[in-house]
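S.K.: please work out how this folds:
(chains A and B)
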Number of protein chains: 2
Amino acid sequence: MERRIGLLGGGQLGQMLCEAANPLGAKIWVLDAAGSPAKQINARTSHVDGSFTDPEKIRELAGQVDILTVEIEHVDTYVLEEIAERGVEVTSADGSKRMKTVEVQPSWKTIRTIQDKYLQKDHLTRSGVKTAVSMAVEGSDLEAVGRECTKDAYDGRGNYPVKSPADISDALEALAGKSLYAEKWANFRLELAVMVVKTENDTSDCGRSTIAYSVVETVHEDSVCKLVYAPPRDVSIIVQNEAQDLARKAVGSFPGKGVFGVELFLLPDGELLLVPQDDPLREAHISLMHVIGQLIVNEIAPRPHNSGHWTIEGCPTMSQFKSQLLAILGLMPSFPNSTIPAMFPATVMLNILGGKTQASHNKLMNMAIAIPAAALHMYGKDSKPGRKIGHITVVGSSSSEAEALIAPLITAADDIRAERKGLQRTASIPSSPVSAARPLVAVTMGSDSDLPVLKPGLALLTTLGIPFHVTITSAHRTPQRMTDFANSASLKGFKVIIAAAGGAAHLPGMIAASTPLPVIGVPVKGSTLDGMDSLLSIVQMPRGVPVATVAINNSVNAALLAARILGAHDGAIQQRLVEYAATMGEEVVGKAARLEDVGFEGY
Amino acid sequence: MERRIGLLGGGQLGQMLCEAANPLGAKIWVLDAAGSPAKQINARTSHVDGSFTDPEKIRELAGQVDILTVEIEHVDTYVLEEIAERGVEVTSADGSKRMKTVEVQPSWKTIRTIQDKYLQKDHLTRSGVKTAVSMAVEGSDLEAVGRECTKDAYDGRGNYPVKSPADISDALEALAGKSLYAEKWANFRLELAVMVVKTENDTSDCGRSTIAYSVVETVHEDSVCKLVYAPPRDVSIIVQNEAQDLARKAVGSFPGKGVFGVELFLLPDGELLLVPQDDPLREAHISLMHVIGQLIVNEIAPRPHNSGHWTIEGCPTMSQFKSQLLAILGLMPSFPNSTIPAMFPATVMLNILGGKTQASHNKLMNMAIAIPAAALHMYGKDSKPGRKIGHITVVGSSSSEAEALIAPLITAADDIRAERKGLQRTASIPSSPVSAARPLVAVTMGSDSDLPVLKPGLALLTTLGIPFHVTITSAHRTPQRMTDFANSASLKGFKVIIAAAGGAAHLPGMIAASTPLPVIGVPVKGSTLDGMDSLLSIVQMPRGVPVATVAINNSVNAALLAARILGAHDGAIQQRLVEYAATMGEEVVGKAARLEDVGFEGY
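M.R.: Residues are numbered from 1 along each chain as shown, chains lettered A, B, ... in the order given. Next up, the predicted model:
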């Protein structure tokens, strides 16, 4: 922690970087206006007051530090190039002048490429990373395109959405005098983001030099990030892994060290279930390669990013800000599988945007303070309408818990927005209702005649507060439907499947053959053989395809097994199971007492 | 967050209070020397430079704020009384003078009582809280006692341990001129501590006004706190609950609001497991009332406390410092059961004490930075031998994991101490090796004769990169060992259990009866009945206790099922399963091609 760090920009990202640096004993000199957020909480150094776009001020800052980094990419990269390549002139104690070496991280080359969205996408395409289809455009050649960005685009600034040819003249007026490029409007289903830490300067081996945080889902409103869900709400783990790999590949292609925010789109045809039944290429669509193909990179930020704020509480010993410091100082530890796992099952982050008045957000702040699992982060900025002035992160032991915690806060944020924009918020429109809990268990059966056997298990899942989805998929009468169900179950966010069948009971095994999820088989007793046919058909699976078989007709145990599987990673569910077992034990003890009391004849 | 807070003392406790206040938008004015730790990270207010024992400076601080609090109890409570009861004189803009009301939290009465250890223990005893036996002593009447404290005792300062009559004259010399009291040396087994938040001024209803954090175990060395374990390493949940109740009762007896650190002793006869099996009073020993009797309060601090630093990462949305702010501001939310649960299964905190030189602790700092699950907190203080200059907290998904993480750091801290004290540290003492990957799957069998059946499954777990632990627990020959194994499996961090048995195969079901984890049963084929006995013994479990049964002798499927269960929450494992299934499919396709190629006769 001996090396002195200089930071261009002292906004909230710089502030949270200083919050991470203070306890590490790392010292940061900030270049920004006096009293800027980062300076408010860092009185350890003699900051430089001024603009982070002023070359003289940048040189003054560089003279005081050993390493320069940025909290914003819209900086003068030619000054950074000069400092990185030739050093900066400093005056020694004896009055003599000398050139001092200063490291710039991430590389000025990376910042220069990324700050121009066209160059950024061109670089990514040449590095083999899929992005939204891009093309350079000249003058007014904007027909048939739908989105423009200028080189100083940032958080929606400098973009103009062209949704029909009628928008073009407005767009050209709004962006007059800037060099333009257009890209096809990505008709995306979901926006994902991944924070990636780059730990080596070179770009030769992304596997060695990049580490990915967990994937998050981002929700934008008015072209500004509103919500971040970690993990995403309905994205399979396989797609999440591919998103991490793609983000690491993208970041690995840029020289220099530091954290990078990678925004991705998950395109609609990633939704396998939308592929028509009679599509001759259906099998190919469903193949893994195709799933990978649905993810594209939208854009990259060479710095800590709003989509990574959840890490402050979600990874409390390894936030994106700590990673930024350790990466640029060359102190980042290595991680198994090159990933930094979230330390809680679920976190959700909500931005606080300034409302109509300075007091508009007070109610939202107070609501956040009243929630023990919520962390409030106010940036110490004056509130202006629409300005990011803080954020709230809630932590849950499950996604449904985190979503329930954030729901009333979203409503309060929606109220601030409605007041700011003069929108009516009628009481009849439910404001972002708590979504029905996402089902974790898929329950299916070969025939509706199996339903009576399943009902006690379904009742128990309800009692245990475990959301589930029930359907019918017959192995022999609807083989394709069954396979579709199995193939898509993981993608839909299910964690466990329960399948009940009787006789030549193929359903559980066939489902297990088409999903990586754990499948619980319930043998249903038929009219002959006392259920032994069902039991053996389900349990005696060949090596390679397991079915977790429970006793004949015992859907209660199937439900409990599903709960145990979920409870292995969800303390709240495991606690309910412990209580269930205790109640069951007490019942037996109660019966024993009664039996001992009245005697076996009277019982 | 409108109310301005004044803080007496700007050391590390004040610094961490400011760290909590900054993101909440709460503003703190600090009274302490210029450049003190709290001031280093809080440039939002105009602090007061001076001593927190200087009445004039305290009044100057009070004039600027709405509420006064302390980070140290050794303050002038007569000035606090004057300010709380009569207000402080301030000069208005027009030059006129007026008295301003300032709230003091916790109450000056509480601080006055607590800062004198004799008054503190007398107060606790009169409030019905057990403490170490105390007695006022005069002059040299110190025979038969073993510990003294003066009213400015703090973190061991002002104490003199008298272990034999020969120590008495030294003690009197060391404590000359002070009013003394002596207490019986508590021959304690364990030191516990509980942070308690008091949310109401009055003392009438501790159930309504106090909230307890989880109990921790503290380890002292050289009369200074060295380690804090949350939860304690070997203390039953029942004792922990009683410790929380006792701590809440103790804190509830003091007027005012804020967090309090309560240090407790767990006396030796609290060790229930050491009560001999044949002790006729064994049942009585184990009774709850007796357990309560073993816990006594040592002392109380009316402020954030070293034993609560673990909450910064252990309760990342509700640290002791955030609680202190919310409590004194009257904004503390309520908690079920009046407890603030830890948000991780285990955390351990290690203090960093200054070594022989300014650089002595560098190695320890670097080791902490290299551990992703460790958080380093340096206080920005000059290092002096034995001075608390920082701390490290590690977070684990189990106690064993957290203890393995902290072990090498303890060794490094021991090295600093040895160098400081000129002690020999022989190389032959191994420095707490870091354990291998934490096993996720526990594999057990009824007899070593089952091992050949399990081996293919164990090989597959290895291939899939899933760490596991193998043992033997016979239901019929080692019933207690089996139950202990099952009872402790979840606590040890296992997520899934695989149990193999043959014949009257009770092992999987009996294990399932004593754990909330998912249990996979592998029926082992015996010499008779073709394994049907084993299969039915395992699969036909009664309602309430599920066993996930796989095919007879099919340990490969047991391993794959365990992997699917883990993979439901671990994308890397699920990805490996998808690849495994693809490889398996390719093998079949390869065999099909060969069969078609060479014909069925030649195959």
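S.K.: got the residues of the stretch 351-500 of chain A near chain B?
M.R.: For the stretch 351-500 of chain A, the residues in contact with chain B (C-beta under 8 Å from any C-beta of the partner chain) are A:365-366, A:369-378, A:380, A:390, A:393-395, A:456, A:490, A:495-496. Where you see a C-beta, it was placed from the backbone N, CA and C, and this is true even at glycine.
S.K.: so which of these are in strands?
M.R.: The strands, defined by DSSP state E, take in A:Ala374, A:Ala375, A:Leu376, A:His377, A:Met378, A:Gly390, A:Thr393, A:Val394, A:Val395, A:Val496 from these.
S.K.: quick one: which of the residues you listed has the most company?
M.R.: Neighbour counts for these (other C-beta atoms under 10 Å in any protein chain shown) peak at A:Val395, which has 29 neighbours.
S.K.: hey, what's that residue bridged with?
M.R.: Taking DSSP bridges as the rule, A:Val395 bridges to A:Thr347.
S.K.: ok, it touching A:Gly314?
M.R.: Yes. Look at A:Val395 against A:Gly314 with C-beta atoms under 8 Å: they come within range, at 6.9 Å.
S.K.: hey, what's in contact with both of the two?
M.R.: A:Phe344, A:Thr347 (C-beta atoms under 8 Å, 6 or more residues apart in numbering or on different chains).
S.K.: which residue is the nearest non-sequential neighbour of the residue of the stretch 201-350 of chain A found nearest chain B?
M.R.: Relative to chain B, the nearest point of the stretch 201-350 of chain A is A:Ile237 (3.6 Å; C-beta to the nearest C-beta). In this structure, A:Ile237 finds its nearest non-sequential neighbour in B:Gly571, 3.6 Å apart by C-beta to C-beta, 6 or more residues apart in numbering or on different chains.
S.K.: isn't that neighbour right up against A:Asn241?
M.R.: Yes. Counting by C-beta under 8 Å, B:Gly571 touches A:Asn241, with 4.5 Å between them.
S.K.: more crowded one of these two?
M.R.: Per other C-beta under 10 Å, whichever of B:Gly571 and A:Asn241 has more neighbours is B:Gly571, with 25 against 20.
S.K.: and the helix of greatest length in chain A, what's buried?
M.R.: Ranked by residue count, the top helix of chain A under DSSP state H comes out as helix A:571-602. Residues of helix A:571-602 classed as buried by neighbour count (16 or more other C-beta atoms under 10 Å in any protein chain shown): A:Gly571, A:Ile573, A:Gln574, A:Arg576, A:Leu577, A:Tyr580, A:Ala581.
S.K.: of these, just say which sits nearest to chain B.
M.R.: A:Leu577 (4.2 Å).
S.K.: next up, the contacts around that closest one.
M.R.: A:Leu464, A:Leu560, A:Ala563, A:Arg564, A:Gly567, B:Pro516.
S.K.: now the helix or strand encompassing A:Arg420: how far from the chain's centre is it?
M.R.: According to DSSP states H and E, A:Arg420 maps onto helix A:399-421. Relative to the chain's own centre, helix A:399-421 is displaced by 18 Å; criterion: C-alpha atoms, centre = their mean, to the nearest Å.
S.K.: now swap in stretch A:215-225 and tell me
M.R.: With C-alpha atoms, centre = their mean, you get 10 Å for stretch A:215-225.
S.K.: next: stretch A:576-596.
M.R.: Worked out by C-alpha atoms, centre = their mean, stretch A:576-596 lies 43 Å from the chain centre.
S.K.: how about that stretch as PDB, C-alpha atoms only?
M.R.: Only the C-alpha atoms of stretch A:576-596 are listed here, as PDB (Å, rounded to 0.1, in the frame of the first residue of the first chain):
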ATOM      1  CA  ARG A 576     -38.200 -24.600   8.200                       C
ATOM      2  CA  LEU A 577     -37.100 -28.200   7.700                       C
ATOM      3  CA  VAL A 578     -35.600 -28.400  11.100                       C
ATOM      4  CA  GLU A 579     -38.800 -27.000  12.600                       C
ATOM      5  CA  TYR A 580     -40.800 -29.500  10.500                       C
ATOM      6  CA  ALA A 581     -38.700 -32.400  11.900                       C
ATOM      7  CA  ALA A 582     -39.200 -31.100  15.400                       C
ATOM      8  CA  THR A 583     -42.900 -30.900  15.000                       C
ATOM      9  CA  MET A 584     -43.000 -34.400  13.600                       C
ATOM     10  CA  GLY A 585     -41.000 -35.600  16.600                       C
ATOM     11  CA  GLU A 586     -43.300 -33.800  19.000                       C
ATOM     12  CA  GLU A 587     -46.300 -35.500  17.400                       C
ATOM     13  CA  VAL A 588     -44.800 -38.900  18.000                       C
ATOM     14  CA  VAL A 589     -43.900 -38.000  21.600                       C
ATOM     15  CA  GLY A 590     -47.400 -36.800  22.100                       C
ATOM     16  CA  LYS A 591     -48.800 -40.000  20.800                       C
ATOM     17  CA  ALA A 592     -46.500 -42.000  23.000                       C
ATOM     18  CA  ALA A 593     -47.600 -40.000  26.000                       C
ATOM     19  CA  ARG A 594     -51.200 -40.700  25.200                       C
ATOM     20  CA  LEU A 595     -50.500 -44.400  24.600                       C
ATOM     21  CA  GLU A 596     -48.700 -44.700  27.900                       C
END
